[in-house]
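>>> Below is the sequence, then the predicted model.
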Amino acid sequence: MAGARDASAAPLALCLALALSSLSLLPTFAEIDRFLHPPAKDDGSLTFLVVGDWGRQGLYNQSEVAAQMGVVGERMGVDFVVSTGDNFYENGLTGVHDPAFDESFSRIYVAPSLQKQWFSVLGNHDYRGDVEAQLSPVLRAMESRWLCLRSFIVNAGMLDIFMVDTNPFVDEYFTNAGNNTYDWTGVLPRQKYISDLLEDLDLALKSSRANWKMVVGHHPIKSAGVHGNTKEIVDQMLPILEANGVDFYVNGHDHCLQHISTADSPIQFLTSGGGSKAWRGVVNWPNPDELKLYYDGQGFMSVKIDATQADFVFYDVSGSVLHSWSRTKPLYSIV
C-alpha cells in the first residue's frame, strides 16, 4: 500500500507495514513513521504535559504558563511535552532561521523540566507560514527537543499516541480562506492525502497493542468554544477512532481548557489550547452534564498514566488545579 503513494503526501504510510519493527532498522523513515519513547520510571508509569496555541513571543501570559509548566513538570518528572498546534502566531515560521522560533519556543520554555522531547502537530496558523520549516530536520538539529511532523505515532509503553494532521480536513481553509494564504506543500491532491491518512490511521490503530490509545489533533471533535465541533472530522475520522477503541482525543484550536464526556461516544474529549491568548465569554454546549470542564483562560494539562490508570489534571495560569479526572481499565490482553 505505502509503496504506491507519494511519500510527501502519506503522513503515516511510508513503511507502516513494518511499523512493529525496531526503529533502528528503519533509520530513513523514522521521522515520518513512529517514535519509541518507553517510560523511564521504575514503576513503568508515564507523565507528560499538553499545551496548545502558544507561540506569541511570551505575550498573553505565554511566559507565565511556561513557568507553571516548569513547576508542574519538575514535580511530576515529566517524560515529554505534547503540543496541540498553532505553535507560531500569526503566520507560522518564515523559514528555519526565523527568530520567532527562539522568541516563542527556545527562550520561553526554559525550565529544566521542559528540556525534554516536544511532540508537536501543526495548527492552521502554522499552515499560513513555511510549513516545511517546522517539519525540517535542520530545525530539529538546531533544537533537539523539537519534533513536529504532519502525522506520526509515539509508542510510549502502555500508551500509543497518534499525532494527526487535521488541517487538510477543514473545508473552510480551501474554499473561504479570505486574506489568508496556506502552504499546502505535501498535502495536495487533498482528497488523496485525507484518504491515505484515514486508511493509515485505521491500520495503525488496529495494529496497536498498547492498553491506552490517545489521538492528538489541532482541531476539536467536540468543543463548547468559539470554533465548536469540527464537522469534517466528526464525519470522517471519529467513526474510525470509536471503532478502534481510542480512549482520548486531545486538541487545541479553541483557546481554552475543556473536558467533554458524552453518552454517545466512549471517547473522552480534552481541549488544551490555553498556551497564550485566551478567549472569554463564549461557551455553547447543549448538555451541561457533559461539560466536565470549561475554562476560557490560559493554562495547560498534565497526564500521568500507567498500565491500568490514567490521570488528567488541568491547571490555570497560576498553576492552580481547575479540574482533575481519572479513568481505570483492565490490562489489555492479546489473544
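Structure's in. What do you need? Residues are numbered from 1 along each chain as shown.

>>> make it CA atoms for all contacts and neighbour counts henceforth
Will do.

>>> So, low pLDDT: which residues of the stretch 1-150 of the chain?
1-33 (pLDDT under 70).

>>> Now do the helices in the stretch 151-300 of the chain.
172-175, 190-207, 231-236, 238-243 (DSSP state H, counting those that start in this stretch).

>>> among these, which is nearest residue 74?
helix 190-207 (31.8 Å; CA to CA).

>>> chain center to the closest one: distance?
17 Å (CA atoms, centre = their mean, to the nearest Å).

>>> for the record, mean pLDDT for that helix?
Mean pLDDT, helix 190-207: 93.

>>> Report the buried residues of that helix.
For helix 190-207, burial by neighbour count (16 or more other CA atoms under 10 Å) applies to 193, 194, 196, 197, 198, 200, 201, 202, 203, 204, 205.

>>> likewise stretch 53-69?
53-58, 60-69.

>>> circling back: include distance to residue 310 when you put the helices of the stretch 151-300 of the chain into JSON lines, please.
Shown next, in JSON lines, are those (distance: least, CA to CA, whole Å):
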{"stretch": "helix 172-175", "distance to residue 310": "35"}
{"stretch": "helix 190-207", "distance to residue 310": "19"}
{"stretch": "helix 231-236", "distance to residue 310": "24"}
{"stretch": "helix 238-243", "distance to residue 310": "18"}
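
>>> Could you verify that residue 70 is part of a strand?
No. Judged by DSSP: H, G, I helix; E, B strand; the rest coil, residue 70 forms no part of a strand; its state is helix.

>>> Roughly how far does residue 193 sit from residue 186?
9 Å (CA to CA, to the nearest Å).

>>> Start from the N-terminal end of the stretch 151-300 of the chain and give the strands.
Applying DSSP state E, counting those that start in this stretch to the stretch 151-300 of the chain gives strands spanning 152-156, 159-164, 212-217, 248-251, 257-261, 268-272, 291-295, 299-305.

>>> Tell me the secondary structure of residue 323, please.
strand.

>>> these two touch, right, it and residue 314?
Yes. Contact criterion CA atoms under 8 Å: residue 323 and residue 314 qualify, at 5.3 Å.

>>> if you count what's nearby, which of the two comes out ahead?
Per other CA atoms under 10 Å, whichever of residue 323 and residue 314 has more neighbours is residue 314, with 26 against 18.

>>> Now do the contacts for the more buried one.
Residues in contact with residue 314 (CA atoms under 8 Å, 6 or more residues apart in numbering) are 257, 299, 300, 301, 302, 321, 322, 323, 324.

>>> give me that answer again for 7 Å
Residue 314 makes contact with 300, 301, 302, 321, 322, 323, 324, according to CA atoms under 7 Å, 6 or more residues apart in numbering.

>>> SS state for the closest residue to the second one other than its chain neighbours?
Meaning residue 301. Spatial nearest neighbour of residue 301, chain neighbours left out: residue 314 (4.4 Å); criterion: CA to CA, 6 or more residues apart in numbering. Recorded secondary structure, residue 314: strand (three-state DSSP).

>>> Tell me how many other residues surround the residue nearest to residue 112 when sequence neighbours are not counted.
With sequence-adjacent residues excluded and distances taken as CA to CA, 6+ apart, residue 112 is closest to residue 70, at 7.1 Å. By the criterion of other CA under 10 Å, residue 70 has 23 neighbours.

>>> Show the contacting residues for residue 70.
Residue 70 neighbours (CA under 7 Å, 6+ apart): 111, 113, 114.
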